[in-house]
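Asker: Okay, predicted coordinates and the sequence, questions at the end:
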Amino acid sequence: VPAGRSCGSAARARRARGRRSGCSMLTKFETKSNRVKGVAFHCSRPWVLASLHNGVVQLWDYRMGTLIDRFDEHEGPVRGVHFHAVQPLFVTGGDGQVE
């Protein structure tokens, strides 16, 4: 991330460039849940988090198209995910309790 810019502003800039250039979908990720409730892109690594209706959070490498890890900590749907801007952490939120 360039000096003076946060992860969020860098991500917004990438999305804006993608809309202007008319990008199309390059990679499709398959999962057993029929509903993705939230998505978060890491600001410096090629990672994307997907929060699913079945209570699972998946961490994908979008360059390689591979599932890095999955987290089955929620009892209900995971409504949102977000990477921490500085620390190697992410946060999730959902309807049920965390195990």
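Answerer: Structure received.

Asker: Check what pLDDT the residue lying closest to residue 71 once chain neighbours are set aside gets.
Answerer: Closest residue to residue 71 apart from its sequence neighbours, by Cβ to Cβ, 6 or more residues apart in numbering: residue 57 at 4.4 Å. No exception for glycine: its C-beta is placed from N, CA and C like everyone else's. Note for residue 57: predicted pLDDT of 93.

Asker: Neighbours of residue 57, how many?
Answerer: 22 (other Cβ atoms under 10 Å).

Asker: Tell me the secondary structure at the closest residue to residue 46 other than its chain neighbours.
Answerer: Leaving aside its chain neighbours, residue 46 sits nearest to residue 63 (4.2 Å; criterion: Cβ to Cβ, 6+ apart). Three-state call for residue 63 (DSSP: H, G, I helix; E, B strand; the rest coil): coil.

Asker: hmm, back to that, so the residue nearest to residue 71 touches residue 49, yeah?
Answerer: Yes - taking contacts as Cβ atoms under 8 Å, residue 57 lies within contact range of residue 49: 6.2 Å.

Asker: For those two, list the residues in contact with both.
Answerer: Jointly contacting residue 57 and residue 49 under the rule Cβ atoms under 8 Å, 6 or more residues apart in numbering are 81, 90.

Asker: Next one: the residue nearest to residue 90 when sequence neighbours are not counted from residue 51, what distance?
Answerer: Spatial nearest neighbour of residue 90, chain neighbours left out: residue 83 (4.9 Å); criterion: Cβ to Cβ, 6+ apart. As judged by Cβ to Cβ, to the nearest Å, residue 83 and residue 51 stand 12 Å apart.

Asker: Neighbour count: these two, which is higher?
Answerer: residue 51 (27 against 23).

Asker: Kindly provide the whole-number mean pLDDT of the helix or strand containing that one.
Answerer: Assigned by DSSP states H and E, residue 51 falls within strand 47-52. Across strand 47-52, the average pLDDT comes to 93.

Asker: Ok, stretch 73-87 next?
Answerer: 91.
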